[in-house]
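K.L.:
Take this sequence and fold it.
(one chain, ligands or ions: 2)
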Amino acid sequence: MSHHQAITVLGGGSFGTIIANIAAENGHQVRLWMRDAQQAEEVEKSRVNNRYMPDYPLLANVEACSDIGYAVADSHLIFMAVPSKAFRQVLRQIKPCIQPEAQIVSTTKGIESDSFKLMSQIMCEELPDHPIGVLSGPNLAKEVARRQLTATVIASNNPQVRAAVQRVLRRDYFRIYANNDMYGVELGGALKNIYAIATGMAAALGMGENTRSMLMTRSLAEMSRFAVCLGANPLTFIGLAGVGDLAVTCMSPLSRNYRVGHALGKGGSLGQIVEELGEVAEGVGTLQIVKHWATELGVYMPLVDGLYEVVFNQRPVQQVVQALMGGEQSSDVEFVLPRGN
Ligand SMILES: NC(=O)C1=CN([C@@H]2O[C@H](COP(=O)(O)OP(=O)(O)OC[C@H]3O[C@@H](n4cnc5c(N)ncnc54)[C@H](OP(=O)(O)O)[C@@H]3O)[C@@H](O)[C@H]2O)C=CC1
Ligand SMILES: O=C(CO)COP(=O)(O)O
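P.N.:
Ligands and ions are numbered 1, 2, ... in the order given. Sure, this is the predicted structure:
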């Protein structure tokens, strides 16, 4: 019996494209759905996703298509690779046409605005009878495309989902660790985007490596504190989906969030920067969401507060930096505990 199965990837941006090709490298028949019919036809004909991943030839067993019903029809494993803004709407589109036992795995690193919901929570709400998982880790799509050695995390409380994703995506250059802390893994992926904006900005302002290290370490403390408050396991934050993804995103100009921060630090306007980027930088929306959510929950997040002031209220960076540096001095190991504990 063949172990090759029909796989679906929904979203034909940079990450969806590499996930589809990796599954195809393992011999699976993959349907890669994109909403734009013309784009799908071009990819299907040229065998390259020129808009998002040029110079990355797609294998013959990746089929680009724009009919979402056809994309999911025979699949028992569906990867969601659309931005968080589109996540719920795409799930609603597939609901009537998926196989009853299809497993759904999110690769999206964001939070739904207004509802403050994580992608796993949206999946539970929209498709309550389906096994779900989330994939997250230090995975710059462009580096994975070059087959740079990379590791990622599949989080699910369903062991069959963890095993299926490990089987379908494992390559000699792509290693997949398992975790059962879905909230921790997806919060790691979503929150680090905020701090990549901050480190990009710091680099543009000529701040050095001591500063970047301070920013990254205090970011880790802040994001873990927030995530633990929502029920995540603090240990997840010393793993690939926590500090691993934070590190790569805060250090690499290949990160779109880092680039947004860098351009802001150079004096650009947010609207123009985001438009010129032409790809999703989830951190901008996540910053707004987390600022409001943390206030509601009473979680102390001075970096989020400061960055929010700079990005959305045009407060001068120097003023924010002075306030942060002059703030009450706390314990270095006040890691995941709420302030005062
Ligand atoms: N790129 C990376 O390195 C990584 C990204 N991720 C995460 O993956 C998610 C997707 O990002 P990524 O692939 O990089 O993004 P891109 O900006 O490269 O592509 C976004 C894709 O989503 C599609 N899309 C946008 N809006 C909708 C919608 N309303 N309905 C259907 N499709 C839509 C776009 O289609 P169109 O072209 O028509 O606009 C495009 O195909 C994000 O949450 C990101 O954080 C996770 C790991 C690594
Ligand atoms: O999530 C990523 C790397 O793990 C990609 O980061 P950006 O979305 O900032 O490009």
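
K.L.:
wait, what's in contact with the nearest residue to Tyr52 once chain neighbours are set aside?
P.N.:
Nearest-residue entry for Tyr52: Ser14, 4.5 Å, with adjacent residues in sequence omitted and distances by Cβ to Cβ, 6 or more residues apart in numbering. All C-beta atoms are positioned from the backbone trio N, CA, C, and that covers glycine. Contact analysis of Ser14 by Cβ atoms under 8 Å, 6 or more residues apart in numbering lists 52-53, 141-142, 279.

K.L.:
List the buried residues of stretch 25-38.
P.N.:
Residues of stretch 25-38 classed as buried under the neighbour-count rule (16 or more other Cβ atoms under 10 Å) are 25-26, 28-34.

K.L.:
actually stretch 136-147, sorry about that
P.N.:
For stretch 136-147, a neighbour-count test (16+ other Cβ under 10 Å) marks 136-145 as buried.

K.L.:
So which of the buried residues of stretch 25-38 sit within strands?
P.N.:
Counted as lying in strands by DSSP state E, out of the buried residues of stretch 25-38, are 29-33.

K.L.:
which among those gets closest to ligand 2?
P.N.:
The closest of those to ligand 2 turns out to be Leu32 (Cβ to the nearest ligand atom; 18.9 Å).

K.L.:
which residues does that closest one contact?
P.N.:
Listed by Cβ under 8 Å, 6+ apart, the contact partners of Leu32 are 8-9, 12, 16-17, 20, 43, 58, 62-65, 71.

K.L.:
all helices in the stretch 1-150 of the chain, in order from the N-terminus.
P.N.:
14-25, 37-46, 68-72, 84-94, 119-126, 141-145 (DSSP state H, counting those that start in this stretch).

K.L.:
any chance of these in TSV, with mean pLDDT and distance to ligand 2 too?
P.N.:
Formatted as TSV, these follow (pLDDT from 0 to 100; distance: least, Cβ to the nearest ligand atom, whole Å):
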stretch	mean pLDDT	distance to ligand 2
helix 14-25	98	8
helix 37-46	98	20
helix 68-72	98	24
helix 84-94	98	11
helix 119-126	98	14
helix 141-145	98	7
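
K.L.:
correct me, but Tyr300 touches Ala221?
P.N.:
No - if you go by Cβ atoms under 8 Å, Tyr300 and Ala221 don't touch, sitting 9.9 Å apart.

K.L.:
ok, now how distant is Leu58 from Trp293?
P.N.:
Distance of Leu58 to Trp293, computed by Cβ to Cβ, to the nearest Å: 38 Å.

K.L.:
Could you do Val168 as well?
P.N.:
Distance from Val168 to Trp293, by Cβ to Cβ: 33 Å.

K.L.:
Tell me which of these two has more neighbours.
P.N.:
Per other Cβ atoms under 10 Å, whichever of Val168 and Trp293 has more neighbours is Val168, with 23 against 18.

K.L.:
would CSV of the ones in strands among the buried residues of stretch 25-38 with distance to ligand 2 be doable?
P.N.:
Formatted as CSV, those follow (distance: Cβ to the nearest ligand atom, whole Å):
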residue, distance to ligand 2
Gln29, 27
Val30, 21
Arg31, 24
Leu32, 19
Trp33, 20
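
K.L.:
Pick out the most distant pair among those.
P.N.:
Gln29 and Trp33 (13.8 Å; Cβ to Cβ).

K.L.:
Just the pLDDT for the closest residue to Gly283 other than its chain neighbours.
P.N.:
Excluding its sequence neighbours, the residue lying closest to Gly283 (Cβ to Cβ, 6+ apart) is Asn193, at 3.1 Å. Model confidence at Asn193, given as pLDDT, is 98.

K.L.:
Ok, Ser331 next?
P.N.:
Ser331 is assigned 76 on the pLDDT scale.
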